[in-house]
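Would you be able to build a 3D model of this:
(4 chains)
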2 protein chains.
Amino acid sequence: MFEPVRDGQGAALFRHEALGVVLRVRGVAERAAELTVLLRRRRRAPFAGVWALPSGSVEADESVGASVRRHLATRVDLAEIAHLEQLETLSSPGRDPSQRTIATAYLGLVPWTNDPQLPENAAWHPIAELPETAFDHAAVIGHGIARLRAKLSYTNIAFALAPAEFTMAELRAMYAAALGHEVAVTNLQRVLERRGQLEATGEHRPSQGGGRPAGLFRFTSQELEVTDPFATLRPASRHHGIER
Amino acid sequence: MFEPVRDGQGAALFRHEALGVVLRVRGVAERAAELTVLLRRRRRAPFAGVWALPSGSVEADESVGASVRRHLATRVDLAEIAHLEQLETLSSPGRDPSQRTIATAYLGLVPWTNDPQLPENAAWHPIAELPETAFDHAAVIGHGIARLRAKLSYTNIAFALAPAEFTMAELRAMYAAALGHEVAVTNLQRVLERRGQLEATGEHRPSQGGGRPAGLFRFTSQELEVTDPFATLRPASRHHGIER
DNA sequence: GCAAAAGTGTTAACTGTACACCCATGT
DNA sequence: ACATGGGTGTACAGTTAACACTTTTGC
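Here you go, the predicted model:
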């Protein structure tokens, strides 16, 4: 082990790392949609040459969230992220074999239309065929996917994976890829409209190669909202409730 | 601001603090159940004399989760915690006015029957009448309560707030206090039984002062399980799904 | 006209809430 | 006997999956 650095009061000091699990659905237009995660090939040891989540050290005067944004912008040229939320903090003593590091992972989401030029050492990897990854990053990616799937069910988080306007067929393909199972358009539309997440723009997109022109839709909000709050054990409709 | 301590590669180093939001329902037997959080009066600056969440510095060779357990055991004599899970990590540069500190908060749950002797500077505070608290702890407590309430709806997390055996009247009182609104016994029992969380022991508790003796129940599992996974957009029952 | 894609309507199953009613015990 | 608390049964409403059917376009 290493001799820990300590402050004046004797408290141990840690390097703190910001990790980004950035997810994006690609191939929506090509009818071959799949959920992908952004990985970057490591240059130096440990795990030199191995794929890993984009990361970097937190600076003394920034929050971890700001640090994730900064490293994504500088290291993988990803400046625009539609939604960013904290996932988890990893702190096992042995997780980084080279030095004691605590890492906080964030989940970032990018619309399927947003396909920026990446540096040559970064790439989107389909979650169905992930390569070997460094450190505990495989588990973190799993947590990120699980978080996204859960929130697709009870929040409007899908806005962050979609562009401003889209057809229902596109949205269906995106949901199916993100959730990992088929989704019926009819029911998807009904559920989202009932919850007030979705609205028609009135515009239509001309069809190519036959078929009725598709109506365009948009999300009513671009901020994360919980749209289906209590699955069960919700408060009584009419009667008295305990305060708070 | 302070001059940050740095390691050999120039990365900033941080003191890391473990925070515990320990929740417990008290007064179930006395028919005046309320959700409480464990607070400790700070001895030294900053915020000397102010109530705060139990906390302490993480050691170099321990994880944050282990550190929370250690500080709860030593600082507030709380050794037995039925469930502990990570809540969030706080990292705003100004959150601790005396030194740069990153803190990771954990949510801990204790059964209503577990009322250990606390040190004189610690106490359970009803969440309806919280005192002024130090740092950003008020927001963290709010997050802890929100997490508990959400998970009561779709997991079996209630096992961690209840003893091994209990009557439905007790369980109802606990749920009502934890959720902050009335809960009907009949429906509570039905929902929990349908999900396979609850089973009757067959034993009965003799009534005192009239009334039919109450049947005793237990939770079928003492591990956290998601019992109501998808609120909506669940996979198709019969048909083909995309892999993974 | 016909294929292709989009959109509408209807049904059935499931889940949870509300509420009336019945049961067992102590005084 | 009757008050007190525990337990059971049933009706009703909301939500969602499943699926048949209709509409609008290009060729």
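
helix, strand or coil for the residue of chain A found nearest DNA strand D?
Closest contact between chain A and DNA strand D, by C-beta to the nearest atom of the strand, is at residue A:212 (3.1 Å). (Each C-beta comes from the backbone N, C-alpha and C, glycine too.) Classification of residue A:212 by DSSP: H, G, I helix; E, B strand; the rest coil places it in coil.

Around it, how many other residues sit close by?
7 (other C-beta atoms under 10 Å in any protein chain shown).

what's the answer for residue A:26, then?
For residue A:26, the number of neighbouring residues by other C-beta under 10 Å comes to 18.

What are the boundaries of the helices in chain A?
A:64-75, A:137-154, A:168-179, A:185-194 (DSSP state H).

now, of the ones you listed, which is deepest in the fold?
Comparing the helices of chain A by mean neighbour count (mean count of other C-beta atoms under 10 Å in any protein chain shown), helix A:168-179 ranks first with a mean of 22.

now the longest strand that chain A contains, how far from the centre of its chain.
Taking DSSP state E as the criterion, chain A has its longest strand at strand A:13-26. Between the centre of strand A:13-26 and the centre of its chain there are 10 Å (C-alpha atoms, centre = their mean, to the nearest Å).

if we can go back for a sec, would you mind giving the helices of chain A as CSV with distance to chain B and mean pLDDT added?
Compiled in CSV, the helices of chain A are given as follows (distance: least, C-beta to the nearest C-beta, whole Å; pLDDT from 0 to 100):
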stretch, distance to chain B, mean pLDDT
helix A:64-75, 4, 96
helix A:137-154, 5, 95
helix A:168-179, 6, 94
helix A:185-194, 6, 92
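
Looking at those helices, spot the one closest to residue B:223.
Relative to residue B:223, the nearest member of these by C-beta to C-beta is helix A:137-154, separated by 17.3 Å.

wait, does the closest one contact DNA strand D?
No. Helix A:137-154 lies out of reach of DNA strand D by C-beta under 7 Å from any atom of the strand, never closer than 8.4 Å.

From the chain's centroid, how far away is stretch A:107-122?
Distance of stretch A:107-122 from the chain centroid (C-alpha atoms, centre = their mean) equals 11 Å.

end to end, how far does that stretch reach?
Distance between the two ends of stretch A:107-122: 17 Å, counting by C-alpha to C-alpha, to the nearest Å.

in it, what counts as buried?
For stretch A:107-122, burial by neighbour count (16 or more other C-beta atoms under 10 Å in any protein chain shown) applies to A:107-112, A:122.

List the contacts of the closest residue in space to residue A:189 that isn't next to it in sequence.
Counting by C-beta to C-beta, 6 or more residues apart in numbering or on different chains, residue A:189 lies nearest to residue A:168, which is 5.6 Å off, once chain neighbours are set aside. Residue A:168 is in contact with A:185, A:188-189, A:214-215, A:217, counting by C-beta atoms under 8 Å, 6 or more residues apart in numbering or on different chains.

Distance to DNA strand C for the helices of chain A - can I get that in a markdown table?
Shown next, in a markdown table, are the helices of chain A (distance: least, C-beta to the nearest atom of the strand, whole Å):
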| stretch | distance to DNA strand C |
| --- | --- |
| helix A:64-75 | 33 |
| helix A:137-154 | 13 |
| helix A:168-179 | 3 |
| helix A:185-194 | 4 |
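
So which of those helices is nearest residue A:21?
Smallest distance to residue A:21 across these (C-beta to C-beta): 3.6 Å, for helix A:137-154.

Just give me the neighbour total for residue A:32.
By other C-beta under 10 Å, the residues close to residue A:32 number 10.

where does it fall, phi/psi-wise?
Backbone torsions for residue A:32, taken as degrees, to the nearest 10, come to phi -140, psi 60.

Now do it, the pLDDT please.
For residue A:32, the pLDDT comes out at 87.

Next up, the contacts around it.
Residue A:32 makes contact with no residue, according to C-beta under 8 Å, 6+ apart.

quick revisit: which elements pack onto the longest strand of chain A?
Judged by 3 or more C-beta pairs under 8 Å, 6 or more residues apart in numbering or on different chains; DSSP states H and E, strand A:13-26 is in contact with strand A:34-41, strand A:55-57, helix A:64-75, strand A:101-109, helix A:137-154, helix A:168-179, strand B:13-26.
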